[in-house]
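>>> Predicted structure and sequence below. I'll ask about it afterward.
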Amino acid sequence: MIEPTVTSAGDFVADTVRADNAAGTYSGRVQTRFPPEPNGYLHIGHAKAIVADFGIAEQFGGTCNLRFDDTNPDTEDTEYVDSILDDIAWLGFAPAHVFYASDYFASLYDWAESLVILGLAYVDDQDQETISTQRGGFGKPGVESPYRDRTPAENLDLFRRMKAGEFADGTKVLRAKIDMQSDNMALRDPVMYRIRRGHHHRTHDAWVIYPTYDWAHGQSDALEGVTHSMCSLEFVSHRPLYDWYLAHLELPYEKPQQLEFARLELTHTITSKRKLRQLITEGIVDGWDDPRMPTLQGLRRRGYPAAAIRAFCAHIGVNKTNSRHSVEELESFVRTELNRTAQRRMAVLKPLRLVIDDWPTADGRTLGEARATGDTVAGVTEWFEIANNPECAEDGSRRVPFTGELYIEADDFAEVPPPKFFRLSVGREVRLRGAYLVTATGAVVDAQGAVTEVHATYDPMSRGGNAPDGRKVKSTLHWVSATHALDAEVRLYERLFAAESPGETTGDPLDDLNPGSVAVVQAKAEPALAPGDGGVAPGQVVQFERIGYFAADRAAPLVFHRTVGLKDEWAAVQKRAG
RNA sequence: UGGGGUAUGGGGUAAUUGGCAGCCCAGCGGAUUCUGGUUCCGUUAGUCUAGGUUCGAGUCCUAGUACCCCAACCA
């Protein structure tokens, strides 16, 4: 399906699997599952879990299934089921099976009856608040429910009537009879079933009682034959409960074991579903697929390759330490992948007109001579064959038109060059990528002192970019022929959150929003940036030479999203200079 | 307040389970380069604290400290 995502050697899950294999615990079988609740879109944090779940199965020749943890009808929807399916496929994984916890509602119910008969579960008539109060607190004792000692027969009758819909929502629950004095709150008679007349996206109105996560999860694992059930660290204290349930049931396979690892957190990023949703409802971003969102949909639209996300997740591995990875590390995986795969194109984000005065016109004059007489005749057009990707010869080349009137990047010209400035200034020679060596002869400056046009001469002997005498220039600039330039809209994204840990100081991540997280500029693009043959496909990511990687919008032609910028040594030099 | 989890350079993560603290990101220096990109070479910097065991401790023991999780009929 994909190239092996090797999990890091020291990962404790792999250690556990190896130990289990050595001990013969599961007869060498390895089965995992990725269990999202279909109540939101997948984000970069889920990618870590997906890579871990599928990765460990793959590493040991096992299987990994997808299971929708759809036990709460109030929050779940097929919209999310569909997007999750889509995202997992995009990431490059193919689940062996797609299961739903709701497929097991009948089995779960039967198992619950067996616990009732064993005297290990009881129906409690108290309301939610009372039950919560009786649970006690950290270091404080719990209080047993007055209904705790109902007989199995009475409980069975009540439970069946709960299922039959005889009772109103919230009026009764089924609870496991464990230990109201346990230090572990999860063991103080946890709720197994609640009455809820929500409309379930798959079972519709067949059920009025729904299992809780704790009652459904381990049992679903057991039913499927899962061996290693990975989840995040906040479930560590639920593991004794996971084990308690399974210890009291007849299982079709060996008992699965729960293993917990730390969630992925990134700097300048949030993964809280609630907060992500708030970004949308408050209009801060356009939707779940806004390129600034950490959702897989957003990252995809932004141009992050699935292979880069996979490699990043495999690289960070699984661990039990709560930590926050720098988003720069993710970006570095994105650059590494894109450097290899993205075709190069030229686009000018801050266009500055460059006129080559000695460039020939069709009527045998030069541009300079023609302009001197007020004539706006065009220069001749020359076509250059430029490699699509110097890192990948198979990508071939494209033809790029060149004339005597071009756009170059405004930042590539300086009237007064600062120290270590290698680019164009009057009297200095630079290369126009793949075309000619040019020397600036002067600049036109407006009333505000801004450079509006640069004049230059070219060396006809340097066609293709090299001078026959072998002289070197310090800089190569990208350019776009003014007469052939296409107008493109380029959306430049910055971090959505200015703070490394959004919300750390005030408690609300939205207080740390970066007000300038997107800037839109009108750019000049070479013809091969147009959609279609020899151009770019919707969603394709290309490198704008010397600038960064940009994803063509999937719908709008000539609209580009900045995936990530190139490393910028000149920016670092300027920063050091102050 | 009780229980549980976790601590290794600036960030992240390894260490064959008691034997030379390695790798990635970032930084810095250099080489190469028709992208100030890429690539290559070099380099700065670390075992939470205090004791102890040992020829030898990131690893074992004791006592602390810090951070995270748990008192939903959410997952």
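Here it is on my side, so go on. Residues are numbered from 1 along each chain as shown, chains lettered A, B, ... in the order given.

>>> Which residues of the stretch 451-578 of chain A lie near RNA strand B?
Within the stretch 451-578 of chain A, the positions near RNA strand B by C-beta under 7 Å from any atom of the strand are A:464-466, A:475-476, A:543, A:545-546, A:566-570, A:572-573, A:576. Bear in mind the C-beta positions are built from the backbone N, C-alpha and C, glycine included.

>>> Out of the residues you listed, the closest to RNA strand B would be?
RNA strand B lies nearest to residue A:465 out of those, by C-beta to the nearest atom of the strand, at 2.0 Å.

>>> surely the closest one meets residue A:434?
Yes - assessed by C-beta atoms under 8 Å, residue A:465 is found in contact with residue A:434 at 5.4 Å.

>>> Buried members of the residues of the stretch 451-578 of chain A next to RNA strand B into ChimeraX, please.
To isolate the buried subset of these in ChimeraX, counting by 16 or more other C-beta atoms under 10 Å, use the following:
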select /A:465,476,543,545,546
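
>>> Next step: the residues of the stretch 451-578 of chain A next to RNA strand B restricted to helices.
With helices defined by DSSP state H, the entries of these inside them are A:569, A:570, A:572, A:573, A:576.

>>> TSV for the residues you listed, including distance to residue A:23?
Shown next, in TSV, are those (distance: C-beta to C-beta, whole Å):
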residue	distance to residue A:23
A:569	54
A:570	58
A:572	53
A:573	58
A:576	57
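
>>> which secondary structure elements does the one helix or strand residue A:354 maps to contact?
Taking DSSP states H and E as the criterion, residue A:354 maps to strand A:351-356. The contact analysis (3 or more C-beta pairs under 8 Å, 6 or more residues apart in numbering; DSSP states H and E) places strand A:351-356 against helix A:367-372, strand A:405-409, strand A:451-458.

>>> closest one to residue A:14 among those?
Smallest distance to residue A:14 across the helices and strands packed on strand A:351-356 (C-beta to C-beta): 48.4 Å, for strand A:405-409.

>>> taking the mean pLDDT, what do you get for the closest one?
The average pLDDT within strand A:405-409 is 98.

>>> same deal with stretch A:128-141?
Per-residue scores along stretch A:128-141 average to 96.

>>> Equivalent analysis for stretch A:550-559, please.
Averaged over stretch A:550-559, pLDDT sits at 97.

>>> Check stretch A:272-287 too.
Taken as a whole, stretch A:272-287 carries a mean pLDDT of 96.

>>> How about stretch A:232-251?
On average, stretch A:232-251 scores 97.

>>> Just the C-alphas of stretch A:73-80, formatted as PDB.
C-alpha atoms of stretch A:73-80 as PDB (Å, rounded to 0.1, in the frame of the first residue of the first chain):
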ATOM      1  CA  PRO A  73     -25.800   9.400  19.000                       C
ATOM      2  CA  ASP A  74     -25.900  13.100  20.100                       C
ATOM      3  CA  THR A  75     -22.600  14.100  18.500                       C
ATOM      4  CA  GLU A  76     -22.000  11.800  15.600                       C
ATOM      5  CA  ASP A  77     -22.800  12.000  12.000                       C
ATOM      6  CA  THR A  78     -22.200  10.300   8.700                       C
ATOM      7  CA  GLU A  79     -20.600  13.500   7.400                       C
ATOM      8  CA  TYR A  80     -17.700  12.800   9.700                       C
END
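
>>> Show the low-confidence segments of chain A, by residue range.
A:1-10 (pLDDT under 70).

>>> Spell out which residues make up each domain of it.
Annotated domains of chain A cover A:12-261, A:344-485 [automatic domain parsing].

>>> which residue sits closest to residue A:437 in space, ignoring its chain neighbours?
Spatially, and ignoring its direct neighbours in sequence, residue A:437 is nearest to residue A:462 (4.0 Å; C-beta to C-beta, 6 or more residues apart in numbering).

>>> Could I get the contacting residues of residue A:225?
Contacts were defined as C-beta atoms under 8 Å, 6 or more residues apart in numbering; by that measure residue A:225 touches A:29, A:31, A:252, A:253.

>>> Show me the residues you listed that map onto strands.
Using DSSP state E, the subset of these located in strands is residue A:31.

>>> For residue A:534, the count of nearby residues, please.
Residue A:534 has 11 neighbours, counted by other C-beta atoms under 10 Å.

>>> SS state for it?
Counting by DSSP: H, G, I helix; E, B strand; the rest coil, the backbone at residue A:534 sits in coil.

>>> quick one: it and residue A:400 touch, right?
No - applying C-beta under 8 Å, one finds residue A:534 not in contact with residue A:400, separated by 11.0 Å.

>>> any shared contact partners between the two?
Shared contacts of residue A:534 and residue A:400, defined by C-beta under 8 Å, 6+ apart, comprise residue A:528.

>>> Name the SS class of residue A:524, please.
Taking three-state DSSP, the label given to residue A:524 is strand.

>>> I'd like to know how far the residue of chain A most remote from its centre sits from RNA strand B.
Distance from the centre of chain A peaks at residue A:373, with 57.0 Å (C-alpha atoms, centre = their mean). Counting by C-beta to the nearest atom of the strand, to the nearest Å, the gap from residue A:373 to RNA strand B is 33 Å.

>>> neighbours of residue A:577, just the number please.
Residue A:577 has 9 neighbouring residues, counting by other C-beta under 10 Å.

>>> again but with residue A:450, I slipped
Number of residues near residue A:450 (other C-beta under 10 Å) recorded here: 11.

>>> one step back: any chance of the contacts of residue A:225 in JSON lines, plus neighbour count and distance to residue A:417?
Below are those laid out as JSON lines (neighbours: other C-beta atoms under 10 Å; distance: C-beta to C-beta, whole Å):
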{"residue": "A:29", "neighbour count": "18", "distance to residue A:417": "68"}
{"residue": "A:31", "neighbour count": "22", "distance to residue A:417": "64"}
{"residue": "A:252", "neighbour count": "10", "distance to residue A:417": "76"}
{"residue": "A:253", "neighbour count": "16", "distance to residue A:417": "72"}
